[in-house]
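Engineer: need coordinates for the below:
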Amino acid sequence: MLDLGIVIVSYNTCALLRACLRSVFASQGGFCFAVCVVDNGSSDGSAEMVATEFPEARLIANERNLGYPAANNQGLRAFGFTGSPPRPSAPAAPRFVLLLNSDTEVPPDGLANMLSFMDECEEAGAAGPKLVRPDGSLDLACRRSFPTPEVSFYRMVGLSRIFPSSRRFGRYNLTYRDPDEVTELDSVVGAFMLVRREAIREAGLMDESFFLYGEDLDWAYRIKQAGWKIFYNPAVTVHHVKRASAQQNPRARLEFYRAMRIFYHKHFAEQTPWYVHGLIVGTLSARLGLEQLRIALAGPEGRQENAG
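Structural biologist: Numbers count the residues shown, from 1 in each chain. As a prediction, the model looks like this:
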């Protein structure tokens with residue numbers, strides 16, 4: 001039985017993907033793992049590079065960009081997850097699955113240490129490490145609260161940036177917490193999201209109504225609903241370029257606001273007072289409208305359907 005199945009979704013990040021895979025296959029420790037790369041219709045030779053330079057990785061090459069959650073689900077299914085209770089005759093799925101972005105690099109002992117953390121913390125359904133940007137700064141997205149109406153309001157009006165040390169206003173990225181402290185939280189980011197097999201079976205696969213952004217928050221929400229806890233483990237540091245795929249496409253910000261609308265309607269709309277609900281829906285609709293106008297004014301290049 002595999003200890004770890006690693007799913008890497010790629011979209012036009014060939015050089016970064018190569019570095020990511022090199023770091024993964026240089027991992028040290030007493031565990032067995034397999035890698036599945038799902039290429040989302042890249043035009044930069046990413047799939048060909050994987051097939052040629054990393055034949056030990058399983059490759060799924062999509063003809064077009066299916067979106068981030070759909071591609072991750074392809075990888076999860078390749079490791080035996082179906083979104084429903086397994087049949088008695090089904091092959092054993094790995095004990096853990098790691099969703100890993102193609103623009104990350106893991107340290108040699110990083111995977112082993114994260115697996116040890118999960119083995120020692122049996123209540124953890126998912127965990128993530130400290131993510132560090134190329135300039136050495138903390139990738140704030142590696143520690144997150146769910147975007148409730150209150151938390152999102154503080155973010156949108158800028159209070160979270162003005163008062164990052166406030167326990168009330170700094171909840172969006174937990175900026176009031178020590179970044180070197182193990183923390184139980186709402187969600188880690190899909191750039192490095194280590195998930196326990198049993199948590200996946202109970203929560204199901206990723207929601208493919210999302211295309212880009214929000215799907216990791218939604219998955220974390222469902223994992224916590226199933227009774228599991230989620231942790232940030234800063235004992236492991238992973239380098240993350242961040243948005244290497246998304247920044248290539250002008251539709252990325254549109255997908256961000258669309259994802260927030262899906263997440264809100266799915267998890268918070270029913271219990272939100274009507275006057276707050278109207279404000280949230282109106283604000284998100286306005287942001288979506290502005291992004292659609294910006295894309296339309298950008299011309300044919302701005303109307304590409306691909307997003308990374």
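
Engineer: show the end-to-end separation of stretch 27-36, please.
Structural biologist: 16 Å (C-alpha to C-alpha, to the nearest Å).

Engineer: from residue 286, how far out is the spatially most central residue of the chain?
Structural biologist: Among the residues of the chain, the one closest to the centroid is residue 190, at 1.5 Å (C-alpha atoms, centre = their mean). Counting by C-beta to C-beta, to the nearest Å, the gap from residue 190 to residue 286 is 27 Å. In this view, the C-beta of every residue, glycine as well, is placed from N, C-alpha and C.

Engineer: you'd agree the residue nearest to the centre of the chain is up against residue 101?
Structural biologist: Yes: in this structure, residue 190 is within contact of residue 101 by C-beta atoms under 8 Å, at 7.2 Å.

Engineer: other SSEs contacting the longest helix along the chain?
Structural biologist: Longest helix of the chain, by residue count under DSSP state H: helix 274-297. Where contact means 3 or more C-beta pairs under 8 Å, 6 or more residues apart in numbering; DSSP states H and E, helix 274-297 is packed against helix 149-156, helix 252-267.

Engineer: which of these sits closest to residue 21?
Structural biologist: helix 252-267 (23.9 Å; C-beta to C-beta).

Engineer: name the element the nearest residue in space to residue 54 that is not next to it in sequence belongs to?
Structural biologist: Using C-beta to C-beta, 6 or more residues apart in numbering and skipping residues adjacent in sequence, the residue nearest residue 54 is residue 21, 5.1 Å away. Using DSSP states H and E, residue 21 sits in helix 14-25.

Engineer: pLDDT of that helix, averaged?
Structural biologist: In this model, helix 14-25 carries a mean pLDDT of 98.

Engineer: next, the buried residues of it.
Structural biologist: Neighbour counts over helix 14-25 (16 or more other C-beta atoms under 10 Å) mark 14, 16-21, 23-24 as buried.

Engineer: dump it to CSV, restricted to CA.
Structural biologist: Provided in CSV are the C-alpha atoms of helix 14-25 (Å, rounded to 0.1, in the frame of the first residue of the first chain):
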residue,chain,number,x,y,z
CYS,A,14,7.0,23.7,-17.8
ALA,A,15,10.2,25.0,-16.1
LEU,A,16,8.6,25.3,-12.7
LEU,A,17,7.0,21.9,-13.0
ARG,A,18,10.4,20.4,-13.8
ALA,A,19,11.9,21.9,-10.7
CYS,A,20,8.9,20.8,-8.6
LEU,A,21,9.2,17.2,-9.8
ARG,A,22,12.9,17.1,-9.2
SER,A,23,12.3,18.2,-5.6
VAL,A,24,9.6,15.6,-5.1
PHE,A,25,11.7,12.7,-6.5
